[in-house]
Structure formats: C-alpha cells, structure tokens
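Undergrad: Model the following, please.
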Amino acid sequence: MIVRLARQAIGSIVSVFALLGFAFVPLGDQTGFEHAKAILATPEATRAFRGLVERLEAAKEQAWKGNDAREPHEPRTPHRRHPVDMKLAPTRAAGAHTAEPSHAPLPPAPPSSTPDEKRSTGSAGAAGD
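TA: Sure, this is the predicted structure:
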C-alpha cells in the first residue's frame, strides 16, 4: 500500500514538472504552450476542429434519434434468433465419418512387442524345445 502511494506521488511530481516545463521553458523563441497555441490558431486547425464538432453533433443526434424512435412503453429486448430464422446445415452425409462416439465395442488390442518381451519369449521357447 505504501509502495503504491509512493509510486503515485512520484508520478504526480513528474507530471507537475512536465507541465511546468511545457508552460515556461522556451523552445527557441516560444515555450511549448505558445507553440501549441500558434499551431491551433491556424485556419486549417480551426477548420479541422469545426469538422470534428459537426461530426460529433451528428453522431449525438443519430444516437438520440434512435432512442426516440421507440415508443415509451415498448420494452427494450435484445434480438433473439428463433429456430425458424436459423439456417440449418445437414448434420452428416450418408456414409460420412463423424467424430461422434460409436456404441460398437472396440477391437482387441494388438499384442505388444517390446524388446524385453521378445527376449523373454525367445529364450523360453528355446529352453522348452
């Protein structure tokens, strides 16, 4: 908890010094803040800002218009697909292999043939002859 508080305090102090540098340290003839003001005062920046505001207002109107189109007493329900609306694909073709488990018994396992078993069966067979 104290470590988190110390990190936040150090981050806040660094941010304050960054803002002071932006506002008061000259970069050439002007400070960073004065450069930003000069850039934002150009006609291109003003036109871009007006376009942004117009787009935001249009989006806001469209969003509010969508909410006003419903009747006040109509409940807001999510769109649910009914089985009639769904397109059903065939489950399997005739004779096609499926990943579904079959209920038929498994075939017997083949005999194991490890080198130890071969030696033991080979020596036992030779001694018995």
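
Undergrad: can you map out the strands along this structure?
TA: Counting by DSSP state E, the chain has strands at residues 26-27, 30-31.

Undergrad: can you list those in a markdown table and add mean pLDDT, mean neighbour count and distance to residue 16?
TA: Where you see a C-beta, it was placed from the backbone N, CA and C, and this is true even at glycine. Below are these laid out as a markdown table (pLDDT from 0 to 100; neighbours: other Cβ atoms under 10 Å; distance: least, Cβ to Cβ, whole Å):
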| stretch | mean pLDDT | mean neighbour count | distance to residue 16 |
| --- | --- | --- | --- |
| strand 26-27 | 93 | 11 | 19 |
| strand 30-31 | 94 | 14 | 16 |
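
Undergrad: Run a quick neighbour tally on residue 48.
TA: Applying other Cβ atoms under 10 Å, we find 12 residues neighbouring residue 48.

Undergrad: ok so, going back, TSV for the strands of the chain, including distance to residue 3?
TA: Formatted as TSV, the strands of the chain follow (distance: least, Cβ to Cβ, whole Å):
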stretch	distance to residue 3
strand 26-27	36
strand 30-31	35
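
Undergrad: Out of those, which is closest to residue 20?
TA: Closest to residue 20 of the strands of the chain is strand 30-31 (Cβ to Cβ; 10.3 Å).

Undergrad: now for the closest one, which elements pack on it?
TA: Contacts defined by 3 or more Cβ pairs under 8 Å, 6 or more residues apart in numbering; DSSP states H and E place strand 30-31 against helix 2-24.

Undergrad: packing partners for the helix it packs on?
TA: Helices and strands in packing contact with helix 2-24 are listed as strand 30-31, helix 32-40; criterion 3+ Cβ pairs under 8 Å, 6+ apart.

Undergrad: Please enumerate residues in contact with it?
TA: Contacts of helix 2-24 with the rest of the structure, by Cβ atoms under 8 Å, 6 or more residues apart in numbering, involve 31, 32, 33.
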